[in-house]
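# Structure for the following, please:
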Amino acid sequence: MNILNLLDVLEDELENGKLVPFIGRTMIDKEKSLSIIRDIRLSLPEALRQAEMVKKERQRILAEAQKEAETIIKEAEQHIKTLVDEHEITQKAYQQSREIIENAQDSAKQIRLGAKEYADELLQEVEQYLEQQLNIVKQNRQELNVAKR
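Just a heads-up that it's a prediction; the model follows:
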């Protein structure tokens, strides 16, 4: 019998005892009550062992839950760190792409300006050459006009 059942039997024995008139006390079977108490004492070690096992199991479950919670937290922190790192990498990539585009635009502008300057220099040389040729043509005409006279 387990302790709770034995306690129920003892309680029944006390409740069902005979009331002694004028004294206000209850008579119970002493031997039966002592026997129940002995049985309770004999059952206590088993109950204590079971309670100890329940306590250890509870502690094991709590420790396991704590360990699992810590693992989940570490994984979440690592995931957050990874997301932050990816975000930083993405931000750096965007910054580098903006810098590359700006450099390319600056280079293109320099090339356009250089090409315009080069074209202007070539046109100026052509203009000077043509002016020289024009002067030669004018000079030759003048010489022809002088020779005609």
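
# you'd agree Q78 is in a helix?
Yes - counting by DSSP: H, G, I helix; E, B strand; the rest coil, Q78 falls inside a helix.

# What about A147, how many residues nearby?
For A147, the count of nearby residues is 7 (other Cβ atoms under 10 Å). Backbone N, C-alpha and C define where each C-beta goes, glycine included.

# Distance check, it against I136.
From A147 across to I136, the span is 16 Å (Cβ to Cβ, to the nearest Å).

# And for A51?
On the measure of Cβ to Cβ, A51 and I136 end up 125 Å apart.

# Just checking, which helix or strand of the protein averages the lowest pLDDT?
Least confident helix or strand, the chain: strand 18-20 with a mean of 81, by mean pLDDT, DSSP states H and E.

# Summarise which helices and strands it is packed against.
Secondary structure elements in contact with strand 18-20, counted by 3 or more Cβ pairs under 8 Å, 6 or more residues apart in numbering; DSSP states H and E, are strand 25-27.

# What pairs with the strand it packs on, parallel or antiparallel?
strand 18-20 (antiparallel) (DSSP bridges).

# ok now the partner strand, how far from the chain's centre?
74 Å (Cα atoms, centre = their mean, to the nearest Å).

# So which bits of that strand are buried?
Across strand 18-20, burial judged by 16 or more other Cβ atoms under 10 Å covers no residue at all.

# Roughly how far does E52 sit from Q66?
21 Å.

# can you pull the contacts of L7?
I40 (Cβ atoms under 8 Å, 6 or more residues apart in numbering).

# Name the helix or strand for it, please.
helix 3-15 (DSSP states H and E).

# can you tell me the average pLDDT over that helix?
Mean pLDDT, helix 3-15: 86.

# Let's test this: mean pLDDT of stretch 61-78, rounded?
Per-residue scores along stretch 61-78 average to 93.
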